[in-house]
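**Q** Everything below, folded, please.
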Amino acid sequence: MMQQHRFGSGGRGGGTRRAGRHRSRRSRTLLLGLLSLAVLVAGSVSVHHWFGTGLGTSYAAAPAPRSGHAAAPAPAASRHPAARRAPHPSASPTPPTPATTRIPETGPGTFVTAQADGATVGHGRTLLRYMVEIEKGIGIAPEQAANEIAGILAAPRGWTRNGVSSFRLVSSGPHDLKVMIATPGTADALCWQGIHQDTGGEYDCEVPGGVVVNLKRWIEGSPTFDGPIHDYRALIINHEMGHFLGHQHEGCPGPGRPAPVMMQQIKGLHGCVANAWPYDDEGHYLSGPPQP
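**A** Residues are numbered from 1 along each chain as shown. Predicted coordinates:
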């Protein structure tokens, strides 16, 4: 009790005032400490909120690489080979491309007639009604191929430009010829049977009553033809249909000029420029010197 009393009132200069000053200092220290703690807590809450809702959302949307390095912006899909190769899901399957289609060497030798009919194209008095037949099991949709061939024969630079010929796609009834797409082995057999021509598993031919298209050429095109596969298919149809109309082979008319459609372009261009059509835009027939 005496010690407590001495601490409270004893000593020089008045113990009570010193104790009051000490209490005041302790109060200010405690107050400053509480204020500092409040600032720290508030800062902690703010930082947690920013990382938790700001960066956290971004991380979920675009995960960082596992190596810990910052992720670089993804290159545009059109510039990235893998992105170009990666197929996007679609409601309907994409038709096979030349790079992914497996071409069988031979097939059963039996055909499916495309169930497709078209209007007469051209104004010539000589009407040719044609069917399109596809060898079974080769992965070609008959109706799709028939419509593509019909579009080729209807093109303004095609054989209707001669003013003599017109064409009509039919699926049954009377017809003048067939356009058959067949495996290399079957095409060889048909060409040999029809005209005794050895096509070597590589070429197309025109036979009595029809045109035989080698599946390999229909899918792959030709290494001498620099253009879309549809253009090379146009060359096939126009060349063989030209034979059916009575045209013979022609050669290159000169360096840099369009190759005639009746030129065997797959065997070399000889200075000419690859061309799929018998006529130019002005309606002039693109000819060359006769060839055997």
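**Q** tell me the contacts of A146?
**A** By CB atoms under 8 Å, 6 or more residues apart in numbering, the contact list for A146 reads 114, 116, 132, 169. From N, CA and C alone the C-beta is placed, and that goes for glycine too.
**Q** In its sheet, which strands sit next to the longest strand seen in the chain, and in what direction?
**A** Across the chain, the longest stretch assigned as strand under DSSP state E is strand 126-135. Strand 126-135 has its sheet partners listed here by DSSP bridges as strand 111-113 (antiparallel), strand 165-169 (parallel), strand 177-182 (parallel).
**Q** quick one: average confidence on the second one?
**A** Throughout strand 165-169, pLDDT has a mean value of 98.
**Q** residues of it that come out buried?
**A** Residues 165-169 are the ones in strand 165-169 that count as buried (16 or more other CB atoms under 10 Å).
**Q** Domain-wise, how is the chain divided?
**A** Per automatic domain parsing, the structural domains of the chain span 2-44, 111-267.
**Q** Pick the most buried one from these.
**A** When these are scored by mean count of other CB atoms under 10 Å, the highest mean neighbour count falls to domain 111-267 (a mean of 18).
**Q** and of the strands paired with strand 126-135, who's closest to N275?
**A** Comparing those by their distance to N275 (CB to CB), the top pick is strand 165-169, with 19.2 Å.
**Q** How about residues contacting that closest one?
**A** Under the criterion CB under 8 Å, 6+ apart, residues 116-132, 146, 149-150, 153-154, 159-160, 245 lie in contact with strand 165-169.
**Q** thinking again about what came up before, which two of the buried residues of strand 165-169 have the greatest separation?
**A** Pairwise distances across those peak at 14.1 Å for S165 and L169 (criterion: CB to CB).
**Q** Whichever strand or helix holds V212 pairs with which strands?
**A** Here V212 sits within strand 210-214, counting by DSSP states H and E. Strands that pair with strand 210-214, judged by DSSP bridges, come out as strand 177-182 (parallel), strand 205-207 (antiparallel).
**Q** got JSON lines for the ones you listed, with mean pLDDT and distance to S222 too?
**A** Below are those laid out as JSON lines (pLDDT from 0 to 100; distance: least, CB to CB, whole Å):
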{"stretch": "strand 177-182", "mean pLDDT": "98", "distance to S222": "16"}
{"stretch": "strand 205-207", "mean pLDDT": "96", "distance to S222": "15"}
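**Q** give the contact list for H270.
**A** Taking CB under 8 Å, 6+ apart, one finds 251-252 in contact with H270.
**Q** Return the per-residue confidence for it.
**A** pLDDT, read off for H270, is 97.
**Q** which secondary structure element contains it?
**A** Going by DSSP H and E, H270 is not part of any helix or strand.
**Q** now A276
**A** In this structure, A276 sits in neither a helix nor a strand according to DSSP H and E.
**Q** What is the neighbour count of it?
**A** Neighbour count of A276, defined by other CB atoms under 10 Å: 25.
**Q** I'd guessed it sits against L235; true?
**A** Yes - counting by CB atoms under 8 Å, A276 does reach L235; the two are 4.1 Å apart.
**Q** got any ranges where the stretch 151-292 of the chain has weak pLDDT?
**A** Within the stretch 151-292 of the chain, no range satisfies pLDDT under 70.
**Q** For the residue nearest to N162 when sequence neighbours are not counted, give me its contacts.
**A** Spatial nearest neighbour of N162, excluding adjacent residues (CB to CB, 6 or more residues apart in numbering): G124 at 6.8 Å. Counting by CB under 8 Å, 6+ apart, G124 touches 160, 162-166.
**Q** what are the ranges of the helices in this protein?
**A** Assigned by DSSP state H, the chain shows helices spanning 2-9, 15-49, 56-61, 81-85, 142-154, 184-195, 215-220, 229-244.
**Q** what's the average pLDDT for the shortest one?
**A** Which is helix 81-85. Taken as a whole, helix 81-85 has a mean pLDDT of 29.
**Q** again with the first one
**A** Per-region confidence: helix 2-9 scores 34 on mean pLDDT.
**Q** mind listing what Y279 touches?
**A** By CB under 8 Å, 6+ apart, the contact set of Y279 is 157-158, 161-162, 285-286.
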